[in-house]
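Asks: Structure here, sequence nowhere to be found:
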Ligand SMILES: Cc1cc2nc3c(=O)[nH]c(=O)nc-3n(C[C@H](O)[C@H](O)[C@H](O)COP(=O)(O)O)c2cc1C
């Protein structure tokens, strides 16, 4: 039985304003993860946007686990110390980012292609935490199954098992797959059978039945992490936990408020519009929109805020007519 739902980090989508909005409108998500922070050395400074995103005042009403991207143990320890000072007790390492630039530097999913280096990284990180008296701090990872192929998977599992990780979240795709193709459930099964840490499933969950299926097939998995599925159905976690399914009016309000946030955060209407189109790309498969495909196509072609607003009204009008059908 899956009892916990995590909101996956989505860079440029799930910043602190988005998280607070989501959390004020929908229940059911237990833990949020921030889009990754790039670790910096002792002389370095974190970006202002990253500082704001993890600052405890900006995350007061929700549980956040901060995520770090790096392959340098010194930088990890430095950024971890900064987060620990703010009161965080768990830190997540990103071993999944598929971006070519990131992977070429052997960070994110690229780090999975150099397992010996990953092994030394963990050794230095856990030694460093111990030396600083931070044995109480939990380190978890969010990983893919490899970068180019699954050839390193056995070795990666063996490395993960040797360190006191608090949790391993697996998104069963390769780095070079980005988000294409089906999740590799054979690879996930291998993690399920061999990993000795609490295991979390992540990837392509879009409906309550998908969560139940993971719970039934892998009863040892206690949590699922969901990203795009919570944009496509923001009430999914609530519904899974026995609450009301999504209603069109709250979806309309949610998207209206996200658009306001992006217009503020991104400082240019064009970027905000592009971001909303990305979200609509994930939302369009919600059965609520089954009569709205033509209106959604116009929305995705909108060239300015006025065209977007008009198309959005048409989308929600067709939802209402669908609702009123016998
Ligand atoms: C636009 C976008 C941004 C993402 N940013 C991050 C990130 O900052 N850190 C991370 O670990 N994963 C990131 N991911 C991956 C997601 O957290 C998640 O693993 C992936 O979308 C699969 O889950 P889903 O099918 O439930 O969305 C991102 C994915 C997308 C589509």
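Replies: Great, that's in hand. Predicted model only: the values in this text are computed from it and were never measured.
Asks: residues in the protein within reach of the ligand, list them.
Replies: By the rule CB under 6 Å from any ligand atom, the part of the chain lying against the ligand is 8-11, 13, 35-36, 67, 94, 96-97, 142, 171, 179, 202-205, 226-229. Where C-beta positions appear, they are placed from N, C-alpha and C, glycine not excepted.
Asks: filter the residues you listed to the buried ones?
Replies: Buried subset of the residues of the chain next to the ligand (neighbour count, 16 or more other CB atoms under 10 Å): 8-10, 13, 35-36, 67, 94, 96-97, 142, 171, 202-205, 226-229.
Asks: How far away from the center of its chain is the helix or strand containing residue 260?
Replies: Using DSSP states H and E, residue 260 maps to helix 248-266. Per CA atoms, centre = their mean, to the nearest Å, the displacement of helix 248-266 from the mean C-alpha position of its chain is 19 Å.
Asks: likewise stretch 190-203?
Replies: 17 Å.
Asks: cool, and stretch 270-283?
Replies: Worked out by CA atoms, centre = their mean, stretch 270-283 lies 17 Å from the chain centre.
Asks: Tell me which residues are up against it.
Replies: By CB atoms under 8 Å, 6 or more residues apart in numbering, the residues outside stretch 270-283 that reach it are 12-13, 228-229, 231-232, 251, 255, 258-259, 262-263, 265-266, 289, 296, 299-300, 302, 304-305, 308.
Asks: returning to what we had before: give me the helices and strands touching the helix holding residue 260, please.
Replies: With contacts defined as 3 or more CB pairs under 8 Å, 6 or more residues apart in numbering; DSSP states H and E, helix 248-266 has these neighbours: helix 16-25, helix 269-283, helix 305-324.
Asks: all helices of the chain, in order?
Replies: Assigned helices in the chain, in chain order: 16-25, 48-54, 73-85, 100-104, 115-131, 153-162, 185-194, 208-217, 228-232, 236-240, 248-266, 269-283, 293-301, 305-324 (criterion: DSSP state H).
Asks: what does the last one contact?
Replies: In this structure, residues lying in contact with helix 305-324 by CB under 8 Å, 6+ apart are 248, 252, 255, 269, 273, 276, 288-292, 295-296, 298-299, 301-302.
Asks: Of these, select the buried ones using a PyMOL command.
Replies: Per 16+ other CB under 10 Å, the buried members of the contacts of helix 305-324 correspond to this PyMOL selection:
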select buried, resi 248+252+255+273+276+288+289+291+292+295+296+299+302
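Asks: circling back: I'd like the helices and strands packed on helix 248-266 as CSV, with mean pLDDT and distance to residue 111 appended.
Replies: Listed next are the helices and strands packed on helix 248-266 as CSV, based on pLDDT from 0 to 100; distance: least, CB to CB, whole Å:
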stretch, mean pLDDT, distance to residue 111
helix 16-25, 98, 26
helix 269-283, 94, 26
helix 305-324, 86, 39
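Asks: Redo these as TSV? Include distance to residue 153.
Replies: Formatted as TSV, the helices and strands packed on helix 248-266 follow (distance: least, CB to CB, whole Å):
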stretch	distance to residue 153
helix 16-25	32
helix 269-283	28
helix 305-324	42
